[in-house]
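Chemist: predicted model and sequence follow; I will ask about them next.
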Amino acid sequence: MASNQVPAGHSLEELEQRLGVTFQNRSLLSLALTHRSYGLQHNERLEYLGDSVLNLAVAALLYKELDGFSEGDLSRVRSNLVRQQALHDIAQTLSLHRHLYLGDGERKSGGLRRPSILADTLEAIVAAVFLDQGYEKAYAMVERLYRPILNQVDPKTLGKDAKTLLQEFLQGNGLPLPVYAVVATRGAAHNQVFEVECSIPKLGLTLLGSGASRRAAEQVAATEALISAQQALSSAPKKRRKTRSKEKTELPPQAKLSFEASHS
């Protein structure tokens, strides 16, 4: 095995302060920080356990915080909060890269900043807290780590794609669904770029989006259309109310939904 080294600036006490946990058995924390490239003893078994503990803790947190949300909505929010990108973001706030035990090869190839390694390590830390001090302490740490996220995001829109958000926004304002159309394709068959047009006739809006697939292009166009539609309605609220009143008999049934302005 190569001459692996303890991370520069490594301080378990410093990490414990950021986690809000003082370990009784600090070797569990060290193990949680050890990548398989470092040696035979590594964090993969802790990662396995931590994945389950984290899912339970986040599910319990959302159950407590999001009263009135359906099972489907709770599952949607949870899946987005425990995915790799969310865990990577939390790991960055903890400066977790400064504390990883990595083999020389993994370190030289950029492992300290690799999202998958940081996300897996965070799951391993959750397991380490669970084994060291039990579920309640692990839950308390998860709640602290996720509190800033829950304070910043809108759970009603978290995890919904742009097309869904646009549809809900238009329905909430008594407007027909948008119309999507492929207006151009470019490139060879194995490397095509699609250009899609998203139209909202009632607002006089037509936005373009491009992507490697029709679906990807539609999502880009929907994102632009949502922003433009929100701006159009917010800048002319009186006109919108008058127009909706005149066209009331022509609106689809889903137009009766309550207004919920959302922004991805």
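Modeler: Cool, got the structure. Numbers count the residues shown, from 1 in each chain.
Chemist: so the nearest residue to Glu143 once chain neighbours are set aside is in which element?
Modeler: Among residues not flanking Glu143 along the chain, Leu61 sits closest, at 5.6 Å (C-beta to C-beta, 6 or more residues apart in numbering). (Glycine included, C-beta is placed from N, CA and C.) Counting by DSSP states H and E, the element that carries Leu61 is helix 44-65.
Chemist: what packs against that helix?
Modeler: The contact analysis (3 or more C-beta pairs under 8 Å, 6 or more residues apart in numbering; DSSP states H and E) places helix 44-65 against helix 26-32, helix 71-81, helix 115-133, helix 135-152.
Chemist: break the protein down into its structural domains.
Modeler: Segmentation of the chain into domains, based on automatic domain parsing, reads 12-152, 162-256.
Chemist: quick one, what contacts the residue positioned nearest the centre of the chain?
Modeler: Central residue of the chain (C-alpha atoms, centre = their mean): Asn80, 4.4 Å from the mean position. Residues counted as contacts of Asn80 (C-beta atoms under 8 Å, 6 or more residues apart in numbering) are 86, 158-159.
Chemist: same deal with Phe23?
Modeler: 12, 16, 29, 128-129, 132-133.
Chemist: most neighbours of all these, which one?
Modeler: Highest neighbour count within the contacts of Phe23, by other C-beta atoms under 10 Å: Ala128, with 28 neighbours.
Chemist: how much space separates it from Ala86?
Modeler: 19 Å (C-beta to C-beta, to the nearest Å).
Chemist: restrict the helix holding Leu61 to CA atoms and write it as CSV.
Modeler: Output in CSV follows, covering the C-alpha atoms of helix 44-65 (Å, rounded to 0.1, in the frame of the first residue of the first chain):
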residue,chain,number,x,y,z
GLU,A,44,-18.4,1.1,3.3
ARG,A,45,-20.2,-0.9,5.9
LEU,A,46,-20.9,2.3,7.9
GLU,A,47,-22.2,3.9,4.7
TYR,A,48,-24.6,1.0,4.2
LEU,A,49,-26.0,1.5,7.7
GLY,A,50,-26.0,5.3,7.5
ASP,A,51,-28.1,5.3,4.4
SER,A,52,-30.9,3.6,6.2
VAL,A,53,-30.6,5.7,9.4
LEU,A,54,-30.5,8.9,7.3
ASN,A,55,-33.6,8.0,5.4
LEU,A,56,-35.4,7.3,8.6
ALA,A,57,-34.3,10.5,10.2
VAL,A,58,-35.2,12.7,7.3
ALA,A,59,-38.5,10.9,6.9
ALA,A,60,-39.3,11.6,10.6
LEU,A,61,-38.2,15.2,10.3
LEU,A,62,-40.4,15.8,7.3
TYR,A,63,-43.3,14.0,8.9
LYS,A,64,-43.0,16.5,11.8
GLU,A,65,-42.3,19.6,9.8
